[in-house]
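Student: Based on what follows, work out the 3D shape:
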Amino acid sequence: MGCRPIVSSINAPTTGLSKWLTHVLTPLATQIQSYVRDSDTLQGEVIQLTVETTDILYTFDVENMYTSIPIEEALHAIRWFLTRMQHPLSNLLLYGLRIVLEYNYFTYGDSNWKQLRGLAMGTPVAPVLAMLYLGYHEETKILPLCKQSLRLYRRYLDDILLVWRHNPTNPYLFQRFRAILRQTPGLSWTYKEHTEQAPFLDLCIFRHGSTYATRTHQKLLNLYLYPTFNSAHAPTVKKGMIYGLLKKYKTQNTLPEDFTVLCQALYQRFLVRGYRSATLRPLFQNALERLSAANHPIPQVRQTQRQYFYKIPYDPNGPSRSRLRTSLGLDDLSKVLSETENAKITICYQKPNNIGNKLMRTKTIADPPSDLAALENIQDAVQDSGAQ
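Tutor: Next up is the predicted model:
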């Protein structure tokens with residue numbers, strides 16, 4: 001078994017900068033032509049394709065992509081995207097990326113190391129950089145030169161799904177396509193032709209009549225993290241997990257027999273985890289009934305009310321929500337709002353910040369509301385009702 005140079009950078013000095021760069025650069029990656037968000041999005045695109053007699057399914061993969069990408073070439077690709085969209089922070093972003101990539105220190109055992117080449121696999125911005133690096137070569141070389149033969153070209157990080165239209169008059173066009181891929185600096189590619197079905201993400205794409213269909217793809221070494229029967233999970237968690245998995249299976253599997261096989265396999269896996277048949281049968285029955293009812297037309301929902309949230313610090317020993325509503329007079333104010341603008345007030349607790357919130361933010365600060373005057377009027381009305 002070969003080694004993989006994966007390093008954790010949770011406590012690295014550049015982690016905060018890397019998180020911010022990820023937040024800013026992610027919108028650029030979503031604009032790439034080959035971008036696919038998840039398997040649900042891919043399934044929606046695949047089932048709309050009609051099967052042609054000349055279609056060939058391929059999957060491509062990059063070997064050791066992160067550590068094989070040259071830093072200067074990656075920065076050049078990012079600069080191309082930033083220039084194309086005229087990003088106002090181009091110079092700042094490139095300077096920050098150079099800091100993250102060139103000062104990648106880590107500890108292994110009792111020794112300290114510095115990565116000299118390739119992207120740091122443990123830093124948050126590495127996946128976005130890899131997507132943009134390959135996206136640059138796709139946008140400038142791969143897609144323009146082979147557009148006529150690419151019926152479908154989708155990539156998730158270093159995995160590519162390809163529906164290739166074979167042209168008998170130009171039998172060497174696919175070899176030319178592979179040659180263009182090999183021109184990507186630093187990367188080595190492997191590919192496989194699929195005659196029956198092509199696995200990609202957690203889907204298998206196969207021909208079904210005149211269209212393409214899908215089924216759930218599971219690897220042979222499939223380690224499931226299902227809770228055991230004696231685990232300290234609430235009953236609703238186990239119930240929701242079974243329903244969520246069965247819903248995913250029903251969505252992904254075009255053929256009913258494939259869905260049945262997965263349901264039976266899931267049932268057996270829960271038995272191995274210590275569940276009893278008497279416990280599982282009602283949960284599976286309830287989930288299957290809900291999924292069957294989901295196919296029925298959904299009744300029209302009434303117009304929802306506008307909500308104003310009154311946030312208060314959370315105190316486990318404090319008064320209940322009902323007592324707070326009474327003491328603040330929020331019920332009377334809700335009646336007035338309901339008559340005037342079809343709105344209501346809801347009390348929600350706000351947990352106090354801890355040391356982790358102060359030292360390391362996990363989310364970027366949201367933009368301030370645009371209509372500050374309206375929010376101030378609502379806050380004054382709430383305070384006036386509490387005073388009364």
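
Student: Please count neighbours and contacts with C-alpha atoms only from this point.
Tutor: Will do.

Student: ok, and the closest non-adjacent residue to residue 271?
Tutor: residue 277 (7.3 Å; C-alpha to C-alpha, 6 or more residues apart in numbering).

Student: Next, work out how far apart the one you found and residue 260 are.
Tutor: 18 Å (C-alpha to C-alpha, to the nearest Å).

Student: So in the chain, where's the weakest helix or strand by average pLDDT?
Tutor: Ranked by mean pLDDT, DSSP states H and E, the weakest helix or strand in the chain is helix 372-387, scoring a mean of 47.

Student: quick one on the thing from earlier: would you check how far apart the residue nearest to residue 271 and residue 52 are?
Tutor: Applying C-alpha to C-alpha to residue 277 and residue 52 gives a distance of 46 Å.

Student: Got the phi and psi for residue 347?
Tutor: Here is the backbone geometry of residue 347 (degrees, to the nearest 10): phi -90, psi 130.

Student: Is it in contact with residue 307, as I believe?
Tutor: No: contact criterion C-alpha atoms under 8 Å: residue 347 and residue 307 do not qualify, at 10.2 Å.

Student: give me the low-pLDDT residue ranges for this structure?
Tutor: 1-7, 221-235, 294-305, 351-352, 356-388 (pLDDT under 70).

Student: Recalculate using a threshold of 80.
Tutor: Scanning the chain for pLDDT under 80 picks out 1-12, 106-109, 120-121, 220-238, 294-305, 314-318, 321, 341, 349-388.

Student: Pop the domain breakdown of it in here.
Tutor: With domains defined by automatic domain parsing, the chain comprises 15-213, 235-293, 306-361+373-387.

Student: Out of the ones you listed, which gets nearest to residue 219?
Tutor: domain 15-213 (8.9 Å; C-alpha to C-alpha).

Student: so how far is the first residue of that closest one from its last?
Tutor: Distance across domain 15-213, first residue to last, is 42 Å (C-alpha to C-alpha).

Student: What of stretch 59-77?
Tutor: So stretch 59-77: terminal residues 24 Å apart, C-alpha to C-alpha.

Student: Enumerate the positions of that stretch that are buried.
Tutor: 59-62, 64-71, 74-75, 77 (16 or more other C-alpha atoms under 10 Å).

Student: Now the element after the strand or helix carrying residue 269, going C-ward?
Tutor: Per DSSP states H and E, residue 269 falls inside helix 256-272. Using DSSP H and E, the helix or strand that directly follows helix 256-272 along the chain is helix 277-293.

Student: Buried residues, whatever helix or strand comes next after that next one. List them.
Tutor: Per DSSP H and E, the first helix or strand lying C-terminal to helix 277-293 is strand 306-313. Of all the residues in strand 306-313, those buried under the rule 16+ other C-alpha under 10 Å are residue 308.

Student: Could you spell out the sheet neighbours of strand 306-313, each with its direction?
Tutor: Strand 306-313 pairs in its sheet with strand 343-350 (parallel), by DSSP bridges.

Student: Which residues does the strand it pairs with contact?
Tutor: Identification of contacts with strand 343-350 by C-alpha atoms under 8 Å, 6 or more residues apart in numbering yields 305-314, 321, 325, 330, 333-335, 337-338.

Student: One more: stretch 182-194?
Tutor: With C-alpha under 8 Å, 6+ apart as the criterion, stretch 182-194 contacts 56-65, 68-70, 73, 134, 137, 181.

Student: Now, those residues that are in strands?
Tutor: Assigned to strands by DSSP state E, the following of the contacts of stretch 182-194 qualify: 56-62.
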